[in-house]
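In: Predicted model and sequence below, questions to follow.
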Amino acid sequence: MEYLVTMTTQVPDGTTEQAVADMRARESVRARELQDQGHMIRIWRPPLQPGEWRSLALFAAGDDGQLEDALASMPLRVWRTDEVTPLAPHPNDPEIAGEKGDTEFLVKFTLSVPEGTPAQTIDDAEAREAQRANDLAQNGHLRRLWKLPAPGQALGLWQAKDPAQMQQILKSLPLDPWMKYQTTPLTPHPSDPVNSPA
């Protein structure tokens, strides 16, 4: 199974800079071990406020217990809270591994088909959406796609040169008239396997 984990760290008041540096160094080593074990797939930084420590990470684990074991093994867990969102396979997921390049975005989709829409109209729109997702994957824009636990919701990992291009890409989706988006721009994290030396 795959999981999106929002990790928020609060350093206790009075903690010395050296203690923070030591903790970060240990966290980096453990993150690398989790990557080598196939548990930490990707990690990013969303937009942050001054002094805020928050990361978004894609984890893989056999079940919720195995994920908790992996998260609990990370040194920063003593200062951190984790919000876990289980991810399910999406039929349009291209499963393209991350590469260095354009800016990455996590986009949460909420689909709301108007009541009374004919079933054939929905089927046609979904077929066009699948084809468009395939085209966007081939062009390097759609990297991954998952179903979220709530009905009608999905999460996508995208690449675009800037937020304006990302918006154009979303507007090009056949299901756009029925969807709402929550877009989070991502920046590289030093522990991300894509950015770490092998």
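Out: Ah, there it is. Numbering: from 1, shown residues only.
In: tell me the domain boundaries of the chain?
Out: Residue ranges for the domains of the chain, per automatic domain parsing: 2-87, 90-186.
In: Dig out what the closest residue to Trp79 other than its chain neighbours forms beta bridges with.
Out: Nearest-residue entry for Trp79: Thr9, 5.0 Å, with adjacent residues in sequence omitted and distances by Cβ to Cβ, 6 or more residues apart in numbering. Bear in mind the C-beta positions are built from the backbone N, C-alpha and C, glycine included. Using DSSP bridges, the beta-bridge partners of Thr9 come out as Trp53, Arg80.
In: residues contacting Thr9?
Out: Residues in contact with Thr9, defined by Cβ atoms under 8 Å, 6 or more residues apart in numbering, are 53-54, 76, 79-80.
In: Find me the pLDDT at it, would you?
Out: Thr9 carries a pLDDT value of 92.
In: circling back to that earlier point, any idea which of the domains of the chain gets closest to Asp192?
Out: Taking Cβ to Cβ, domain 2-87 is the member of the domains of the chain nearest to Asp192, at 4.8 Å.
In: which of the contacts of Thr9 lies closest to Met1?
Out: Nearest to Met1 among the contacts of Thr9: Arg80, at 21.2 Å, using Cβ to Cβ.
In: Count residues in the vicinity of the nearest residue to Pro149 once chain neighbours are set aside, would you?
Out: Nearest residue to Pro149 in three dimensions, chain neighbours excluded: Pro86, at 6.1 Å (Cβ to Cβ, 6+ apart). When neighbours are counted by other Cβ atoms under 10 Å, Pro86 registers 15.
In: ditto for Leu87
Out: 22.
In: Could you check the pLDDT of the nearest residue to it once chain neighbours are set aside?
Out: Excluding the flanking residues, the one nearest Leu87 by Cβ to Cβ, 6+ apart is Trp146, at 3.8 Å. At Trp146, the pLDDT value in this model is 97.
In: For Trp146, what are phi and psi?
Out: Backbone torsions of Trp146, given as degrees, to the nearest 10, read phi -130, psi 160.
In: Please apply the same query to the one 3 residues further on.
Out: For Pro149, the backbone dihedrals are phi -60, psi -30 (criterion: degrees, to the nearest 10).
In: re the thing from before, that's a strand at the residue nearest to Pro149, yeah?
Out: Yes: assessed with DSSP: H, G, I helix; E, B strand; the rest coil, Pro86 lies in a strand.
In: Leu67 versus the residue nearest to Trp79, what's the distance?
Out: Separation of Thr9 from Leu67 (Cβ to Cβ, to the nearest Å): 18 Å.
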